[in-house]
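Trainee: I need the structure of the sequence given here:
(chains A, B and C)
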Amino acid sequence: MDKLILIDGNSIIYRAFFAMPPLTNSSGLHTNAVYGFTNMLLRLIHEEQPSHILVAFDAGKVTFRHEGYQDYKGGRDKTPPELSEQFPLMRELLESFGIAWFELPGYEADDIIGTLTKQAEESGREVLVVTGDKDMLQVVSDRVKVALTRKGVSEVEPYGPKEIEERYGLKPEQIIDLKGLMGDTSDNIPGVPGIGEKTALKLLHQFGSVESVLAHTDELKGKMKENLVNHADDARMSKQLATIYREVQVERSWEDMTFSGIEAEKAVPVLRRLEFKSLLERLPAVSGAAGTEAGATERSESPDLDVTIVDAAKLSEVEKHLHEIEGIVIESYGENPHHATIMGLMLSTAKRHFFLPLELLKEEEAKPVLSWLGDENIPKRGYDLHRADLALFWQGIAFAGAEHDVELAAYLLDPTENDQTISGLAAKYGLPYLPSDEEVYGKGAKFKVPNVDILSLHLARKADALLRIIPLQRSELEKYEMNRLFYDLEMPLSRILADMEKQGVAVNQDALKELGVEFETQINKLVARIYEIAGTEFNLNSPKQLGEILFDKLSLPVIKKTKTGYSTDAEVLEKLAPYHEIVQFILEYRQLAKLQSTYVEGLLKEISPKTGKVHTYFRQTVAATGRLSSQFPNLQNIPIRLEEGRKIRKVFVPSEEGWYILSADYSQIELRVLAHISGDKGLQEAFLHDMDIHTKTAMDVFGVGPDQVDANMRRSAKAVNFGIVYGISDYGLSQNLNITRKEAARFIDQYFDAFQGVRRYMDEIVKEAKRDGYVKTLLERRRYLPEINASNFNLRSFAERTAMNTPIQGTAADIIKLAMVLMDKTLYEHKLKSRMLLQVHDELVFEVPPDELELMKKLLPETMEKALQLSVPLKAEVSCGLNWYEAK
DNA sequence: GAACTCACG
DNA sequence: ACGTACGTGAGTTCA
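Mentor: This is a model prediction of the structure:
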């Protein structure tokens, strides 16, 4: 039997909000209303076993009711932000439960529900309406019941015609007459003064309707008669306002509202994010009329797995199954993948799990497995295959053919989720419990490789989880239109990065050591001088001790404080410099100490004794915007701004005699991306003519000609441009330019007046983020912003700036990644020996043999510029030299 | 391990 | 009024 439940989303969420104590998850998101709503929902599903559900929401502030009566719902308090931020969550949760929801601009949830009850009734279906609003009782009939919430939201009281008769002595259609007479303060419906529920009911029992009461006022007397006569129009209007409109164009078919049970895989991640632990436990008990097939909602025990620990004798058996391997786990430990120790390999089919110790692969009989591993035409699915590739590489084992990397897919699906482990993902997708690596291996000093039985079982469980997660990720990627991003960009890039990392960058160790000696002498001089001036020796590297010297001993003015004491950062020291000569020396010391410890000593430690190179590791799954990051060592923050530090770049050299370092960087890529996505005509025009963008900005902001832009104006314009890309705030700009907030605010205003398309973009993207809960790049890379509707000003502002910045920074990241894939292909097709070495966000660095130099100087910028077609041209500038210092 | 500082885009 | 510019990684100190 079909049964439809219609829920007044607004009514329930409001009631839940005020009925529940405040509740937040660990990131400060308010969740009490969603919790109350969900609680009710689960109970309802359990008790009513509906075949169809739809939740209706009000859309927009103005409805057709306001056309006739502008004060409709006037005097209502604004929705508290703690509640507003829960609407997107509620919608997301409904979607994850497989429950349809609907809203239509200009109409209230009531009207949508009224229309649907009418339709359902006409086709002979049973309907239950759930709301806190008594008005709804007017739709009650033999087939339509209305459940009114009682005591908060978890309990409901169903009303049919009989119950309405018992309670009010009225027919359902008379409810609007009741409202017409008594009014409703919460909706600001006036009714007739002096008439409350008691009087209204008495009148209706006698006369039947508002019209009839008004026609018989002569039979009444006293104040009541007077009020009825004087407010007859109010009564008629109130009745009309209370009447639910039942002819809304609702574009939802019966099938759209089908509810076929909650799928744990979809619901669990959302409930987990909301941290609804008790609801998570209740989930298995709940199911729709369609039942619990697929066992999705059962909390199952870890399945028994068929695990084979492979030795030389059993290798032939593995080989028989190689063609049906569906997932692999190549387990290793150690922070740096280049130095990772491999604990073993798990090759899994749908039914069997083969554990191979690393040593086994060195046996002669393992040849087929090795060629399988290294065959790029055999697709492999696994977890963090990038790391596996590097770990195997240093063991002399080739790995190729990565097709689906679960870690990388998880990153694309939610780049800010911090637990991307297999165990975490298993929990997120509602799979059987999977112990974390930490639980199995221990951590820190306690880390220990367990015996082979425990290890192989753990890896089999991980592989088994991967096989279940992969199809779920595939359908999510499909749904979010991320297939291109994943399969054509990030997966191919993963292999390219591994190649770059294996290649490494040659470092002139002697030159680096010499630099170290140079720095050392200068540092020693500075330290001696500083101690002398201070009159005491202290630990210059300790901000605490330095603060005591500067602010207690020398009584310099305190510019800024940190959580724990005085701030002594460079910004503060700059300001203190005029007060005391010691400050300048400290600044110089800081600069050199940084160079020495991070770039000389740090880099020296990272040079591989095997290759004489540094092999960085590009992390592809950390940056929330889609950028790469670089570790062990970080080669994306080698000094360049100050000459002293820039010298470090001289030690990065080609790895072959006579070759060159070739580098190309995008010019103003982020502002070009902004010009494209904002559609701002002025900005686009500027790039079409390849103007100096900061000068152009200065001209427009200050309203002057090109010749009148002085250095200071250009500097300010440049800062404004940076600010725009970062998600501007007057405070931030004022800090950067050392001006007042007011002045900064004026700059910003003038900028937006000059570039109105940019203003529109910034407004729109924030609105979009508030509506959807996420923002996207041009290639559909997503970033969720759960705090975008937070009531906390700081959290919300931060999310708003992120909403502005992420599409820009993220699209720029998309573009250079595209360029890398294209360049890799270009090198291959031209059979070039040149090698891609580094990516530094907007720059690509290569080493190039002399006979390819001219060609590469042409190919590289061309390829970068055509990586993605925008409404403005992309521009890449190339330069070369004998080392990285010269190639800039 | 958190806090501070500073290198890069 | 609220108080931060966006995104990273690494070295040092100190509780």
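
Trainee: count of neighbours near the residue lying closest to A:P850 once chain neighbours are set aside?
Mentor: Closest residue to A:P850 apart from its sequence neighbours, by CB to CB, 6 or more residues apart in numbering: A:G658 at 5.7 Å. For every residue, glycine as well, the C-beta is placed using N, CA and C. Under the neighbour criterion other CB atoms under 10 Å, A:G658 is assigned a count of 9.

Trainee: what do you get for A:N227?
Mentor: By other CB under 10 Å, 20 other residues sit near A:N227.

Trainee: wait, is it part of a helix?
Mentor: Yes. Residue state for A:N227 (DSSP: H, G, I helix; E, B strand; the rest coil) corresponds to a helix.

Trainee: and it, what is it in contact with?
Mentor: A:N227 is in contact with A:192-195, counting by CB atoms under 8 Å, 6 or more residues apart in numbering.

Trainee: filter these down to the buried ones.
Mentor: By neighbour count, with 16 or more other CB atoms under 10 Å, these hold A:192, A:195 as buried.

Trainee: just give the nearest non-adjacent residue to the residue of the stretch 251-400 of chain A found nearest DNA strand B, would you?
Mentor: Closest to DNA strand B within the stretch 251-400 of chain A is A:E335: 11.8 Å, counting by CB to the nearest atom of the strand. Closest residue in space to A:E335, ignoring its immediate chain neighbours: A:F632 at 7.5 Å, by CB to CB, 6+ apart.

Trainee: what residue ranges in the stretch 151-300 of chain A score low on pLDDT?
Mentor: Per-residue confidence for the stretch 151-300 of chain A (pLDDT under 70) gives these ranges: A:151-152, A:154, A:281, A:283-300.

Trainee: run through the bridge partners of A:V653.
Mentor: For A:V653, the beta-bridge partners are A:A506 (DSSP bridges).

Trainee: which pLDDT value belongs to it?
Mentor: On pLDDT, A:V653 comes in at 98.

Trainee: isn't it up against A:N508?
Mentor: Yes. The pair A:V653 / A:N508 is scored as a contact, 5.2 Å apart, by CB atoms under 8 Å.

Trainee: which neighbours do these two share?
Mentor: Shared contacts of A:V653 and A:N508 (CB under 8 Å, 6+ apart): A:N883.

Trainee: helices of the stretch 51-200 of chain A, start to end?
Mentor: Secondary structure of the stretch 51-200 of chain A (DSSP state H, counting those that start in this stretch): helices at A:64-68, A:81-84, A:86-96, A:109-122, A:161-168, A:175-182, A:197-207.

Trainee: no wait, the stretch 201-350 of chain A
Mentor: Taking DSSP H, counting those that start in this stretch as the test, the helices found in the stretch 201-350 of chain A are A:210-215, A:222-230, A:232-242, A:264-274, A:277-282, A:315-321.

Trainee: what's the closest of the ones you listed to A:S678?
Mentor: A:S678 lies closest to helix A:264-274 among the helices of the stretch 201-350 of chain A, at 31.3 Å (CB to CB).

Trainee: about what we covered before: okay if I get the helices of the stretch 201-350 of chain A as TSV plus distance to A:Y828?
Mentor: Written out in TSV, the entries for the helices of the stretch 201-350 of chain A read as follows (distance: least, CB to CB, whole Å):
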stretch	distance to A:Y828
helix A:210-215	82
helix A:222-230	89
helix A:232-242	71
helix A:264-274	39
helix A:277-282	49
helix A:315-321	31
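
Trainee: so of the ones you listed, which one's packed in deepest?
Mentor: Stretch with highest mean neighbour count among the helices of the stretch 201-350 of chain A: helix A:264-274 (a mean of 21; mean count of other CB atoms under 10 Å).

Trainee: okay, angle between that one and helix A:86-96 too, please.
Mentor: Orientation check (axes from the mean of the first three to the mean of the last three CA atoms, to 10 degrees): helix A:264-274 against helix A:86-96 gives 160 degrees.

Trainee: residues contacting A:K513?
Mentor: A:K513 makes contacts with A:600, A:604, as judged by CB under 8 Å, 6+ apart.

Trainee: quick check: which element contains it?
Mentor: helix A:509-534 (DSSP states H and E).

Trainee: in the longest helix along chain A, what's buried?
Mentor: Longest helix in chain A, counting residues (DSSP state H): helix A:793-829. Using 16+ other CB under 10 Å as the test for burial, helix A:793-829 gives A:795-796, A:798-824, A:826-827.

Trainee: list the beta-bridge partners for A:E126.
Mentor: With DSSP bridges as the criterion, A:E126 is bridged to A:K3.

Trainee: list the contacts of it.
Mentor: A:E126 sits next to A:1-4, A:120, A:143 when contact means CB under 8 Å, 6+ apart.

Trainee: quick revisit: right, and the helix or strand after the longest helix of chain A?
Mentor: strand A:835-839.

Trainee: is the helix or strand just after that following strand up against DNA strand B anywhere?
Mentor: Using DSSP H and E, the helix or strand that follows strand A:835-839 towards the C-terminus is strand A:843-848. Yes. Contact of strand A:843-848 with DNA strand B (CB under 7 Å from any atom of the strand) involves A:E843.

Trainee: what's the angle between strand A:843-848 and helix A:793-829?
Mentor: Angle, strand A:843-848 to helix A:793-829, by the same axes, to 10 degrees: 20 degrees.

Trainee: let me know whether the helix or strand just after strand A:843-848 sits next to DNA strand B.
Mentor: Under the assignment DSSP H and E, the closest C-terminal helix or strand after strand A:843-848 is helix A:853-865. No. Judged by CB under 7 Å from any atom of the strand, helix A:853-865 stays clear of DNA strand B, getting no closer than 12.8 Å.

Trainee: can you give me the mean pLDDT across helix A:853-865?
Mentor: 98.

Trainee: now swap in stretch A:325-332 and tell me
Mentor: Mean predicted confidence for stretch A:325-332 is 98.

Trainee: re the thing from before, wait, the residue nearest to A:P850 sits on A:P849?
Mentor: Yes. Using CB under 8 Å, A:G658 is in contact with A:P849, at 7.3 Å.

Trainee: how many neighbours does the residue of the stretch 251-400 of chain A closest to DNA strand B have?
Mentor: Residues near A:E335, counting by other CB under 10 Å, number 9.

Trainee: and it, how far is that from DNA strand C?
Mentor: 9 Å (CB to the nearest atom of the strand, to the nearest Å).

Trainee: which pLDDT does the model give that residue?
Mentor: Here, the pLDDT recorded for A:E335 equals 95.

Trainee: work out for me the element the residue of the stretch 601-750 of chain A found nearest DNA strand C sits within.
Mentor: The stretch 601-750 of chain A approaches DNA strand C most closely through A:G723 (2.3 Å), counting by CB to the nearest atom of the strand. Using DSSP H and E, A:G723 sits within helix A:711-726.
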